[in-house]
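K.L.:
model the structure of this input:
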Amino acid sequence: MALMHVRTTLLALVLLAAISAQAQRPATVPANPETEEGIPVTNPLVISKCGTCHAKDDKGNLSRISWERTTPEGWQEALKRMVRLNGLTITPQEARAVVKYLATSHGLAPEEAKPVMYLPEHRLIDETNIPNETVGGACNTCHAFGRPLSWRRSKNDWKLLANLHVALYAQAEAHFRRALMPGGGNAGGGGNAGGSAAAAPATRAAAAGIGAAQPTAAAAAATPPTPGPEPVDVALDFLSANAGLHTPEWASWRARMRTPKLAGRWLVTAHLPGRGNYFGEMTVEPGAVEDEFKTQIQLKSIKDGSTLTRTGHGLIYAGYSWRGRSQSTAKPTNAPDDTAKEMREALWFSADQNHAEGRWFWGEYQEFGADVQLQRASADPILLGVDRTALKTGSKAVKVQVLGDHLTGPIALADLDFGTGITVRKIDTHDAGHITVEVDVASDAVPGKRDIFVRRSVLQGAIAVYDRVDYIKVTPESALSRLGSQTHPKGYQQFEAVGYQRGADNKSHTADDVELGPVEVDWKVEEFMAVYGDDDKSFVGNLSSTALFTPASDGPNPERKFSRNNYGDVWVVATAKAEKDKEGRPLTGRSYLVVTVPTYIKWDQPEVEQ
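P.N.:
Numbering: from 1, shown residues only. Sure, this is the predicted structure:
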């Protein structure tokens, strides 16, 4: 109780100091002047809800807002922050309208949004878009680098964002202000904040190019090193140059943006990790307004013939960015990976509105999902996929089913082409949605992907020819799972084993390797030896025969040393049932899995969800 009293007293003193400091500030703080043209806000609701705090100028610009562009999720997050921190009062209907307007009129061009679609798709990936360690240290320490790259701001607004970080988050100052020393060191004795700063000249004269005599070793040692740029400045320079407010892509898209015309029939190709490929269609019908739609989905599994029937709705932001939800016609079970659960949808439509790609996902951490591709159906024949991913050299009379749409009329052997080294022997069955054929593969066929042609229709890279499986890759190669309890949900992880043949360079894990598709394997968990006496694999959770990892419960475990929680890191290992290496040993592959604690706090305001 005494300790609590001390803490309460300290908190009161801190609050009093903050109030006193606030009282000494002027009533209005002039904003930094903008030197770039803003994007005027014309929507009356946005002006009404935002204009009381964001000042309007004579050009119709609202401070901050007119110098920012971002995704629907970015504007939604900003709106939530206004509700939490600044007392904005807004209904769900008003919030949706505000987000819709801002994500369209102050959104991203399709070319700007596509590289960071992994964020709205809730994909867990290793980011490769971080330019250097310095920028990564300033931004990526606390959140995905895709987050700032999902915004476009004026140079001045990027600076204001950095200031806001320092005001709201105590740790931001530490990450922002660790100035780099020559050679990459940090002022103040801290660790390297990143970057590959070149060694500074020994003297200012040398830096200025003045022909001065070289100092002695003692004098050089006594000269204090010149501090390098602070990480925040390096990050702001990068973002200002690569994520500015005005870009050619946005200028072009503002002129080209049009009302979405998506009603009609769409052909769907989907891959669910652990379940394989699905093919089918989605019917899109107009909704209440021109950018909202209703959907009906029917998919069939190539692996086991099971079907998915769903109904849903979605809306389009900025003419291309789809966000939606769908529900199954079947009753969901308690199984976490049940495909009958409600799914959310994040799709990127092409500018011609004939193709789309993205992810449908579900789960408490959105860890389950399907990679989806859509193409608009037409009167012309279209090829969607095949029921097998690879053919081995020397194979005879192998049945292959080609799936498509409008495959009508008589089809002869001469109409089919599976590429060099593959001979179509006969056509078994044929209807408007599929063609089943028998093929032979030459023993000397060149390994690699083949295109499949049916008359003038083509399916690129449809099937692989191989003579051996050289290695197995477990996907995802690095993964995250979360412990759970009665009050905090678990975060699951689904794995797959994919076979590869080395390409022409005869080296594994290079760009020319040929992906062969799923391989039949046995699954197990092995210890990742990080410390002496590691015992994580016995406590972190269980891996099913179908490679679904279920994490253990959260909380102290009396069976573990020091009653530790059940977190840890392990290898998820796949051992091939049939494929062997040159020494006759079964091929294996593995993924690094980190099992960590739940997300105890979710900073979310569901009342303004889309």
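
K.L.:
the strands in the stretch 101-250 of the chain, which residues?
P.N.:
Listed in chain order, the strands of the stretch 101-250 of the chain (DSSP state E, counting those that start in this stretch) span residues 151-153.

K.L.:
in it, where is pLDDT below threshold?
P.N.:
178-226 (pLDDT under 70).

K.L.:
next, give phi and psi for the nearest residue to L245 once chain neighbours are set aside.
P.N.:
Using C-beta to C-beta, 6 or more residues apart in numbering and skipping residues adjacent in sequence, the residue nearest L245 is S154, 4.5 Å away. The way it works is simple: take the backbone N, C-alpha and C, and place the C-beta from them, glycine included. Per-residue torsions, S154: phi -70, psi 160 (degrees, to the nearest 10).

K.L.:
now for S154, how many residues are close by?
P.N.:
22 (other C-beta atoms under 10 Å).

K.L.:
is it true that it touches I39?
P.N.:
No - using C-beta atoms under 8 Å, S154 is not in contact with I39; the gap is 10.1 Å.

K.L.:
any common contacting residues for these two?
P.N.:
Listed as contacting both S154 and I39 by C-beta atoms under 8 Å, 6 or more residues apart in numbering are 67, 245.

K.L.:
picking up where we left off before, separation between the residue nearest to L245 and R585?
P.N.:
The spacing between S154 and R585, counted by C-beta to C-beta, to the nearest Å, is 59 Å.

K.L.:
residues contacting N565?
P.N.:
Here N565 is in contact with 483, 554-557, 597 (criterion: C-beta under 8 Å, 6+ apart).

K.L.:
pLDDT at it, what is it?
P.N.:
Note for N565: predicted pLDDT of 94.

K.L.:
confirm that it sits in a strand.
P.N.:
No - going by DSSP: H, G, I helix; E, B strand; the rest coil, the assignment for N565 is coil, not a strand.

K.L.:
could you check how far E111 is from M529?
P.N.:
45 Å.

K.L.:
ok, now how distant is the residue nearest to L245 from S63?
P.N.:
The gap separating S154 from S63 is 11 Å, by C-beta to C-beta.

K.L.:
swap in F528?
P.N.:
With distances taken as C-beta to C-beta, F528 is found 50 Å from S63.

K.L.:
and what of M82?
P.N.:
Noted for M82: a distance of 13 Å to S63, by C-beta to C-beta.

K.L.:
try P131
P.N.:
Using C-beta to C-beta, P131 is found at 30 Å from S63.

K.L.:
the two: which has the busier surroundings?
P.N.:
S63 (19 against 13).

K.L.:
thought that one was touching G51?
P.N.:
No - assessed by C-beta under 8 Å, S63 is found out of contact with G51, at 9.5 Å.

K.L.:
which parts of this protein belong to which domain?
P.N.:
For the chain, the structural domains run 264-376, 382-466, 471-596, going by automatic domain parsing.

K.L.:
starting at the chain centroid, how far to the second one?
P.N.:
A distance of 33 Å separates the C-alpha centroid of domain 382-466 from that of its chain, computed with C-alpha atoms, centre = their mean, to the nearest Å.

K.L.:
so where is the stretch 501-610 of the chain shaky, pLDDT-wise?
P.N.:
603-610.

K.L.:
centroid-nearest residue for this protein?
P.N.:
When C-alpha atoms, centre = their mean is applied to the chain, the residue found nearest the centroid is Y118 (1.9 Å).

K.L.:
count of residues packed around the residue lying closest to N43 once chain neighbours are set aside?
P.N.:
Nearest residue to N43 in three dimensions, chain neighbours excluded: Y101, at 4.4 Å (C-beta to C-beta, 6+ apart). For Y101, the neighbour count with other C-beta under 10 Å is 19.

K.L.:
mind listing what Y101 touches?
P.N.:
Contacts for Y101 (C-beta under 8 Å, 6+ apart) come out as 43, 45-46.

K.L.:
kindly report the same for K577.
P.N.:
520-522, 586.

K.L.:
close enough to count as contact, K261 and Q353?
P.N.:
Yes - proximity of K261 to Q353 meets the contact threshold set by C-beta under 8 Å, at 6.1 Å.

K.L.:
so for these two, which sits in the more crowded spot?
P.N.:
Of the pair K261 and Q353, Q353 is the one with more neighbours under other C-beta under 10 Å, namely 16 against 12.

K.L.:
list the backbone torsions phi and psi for that one.
P.N.:
Main-chain dihedrals, Q353, degrees, to the nearest 10: phi 60, psi 40.
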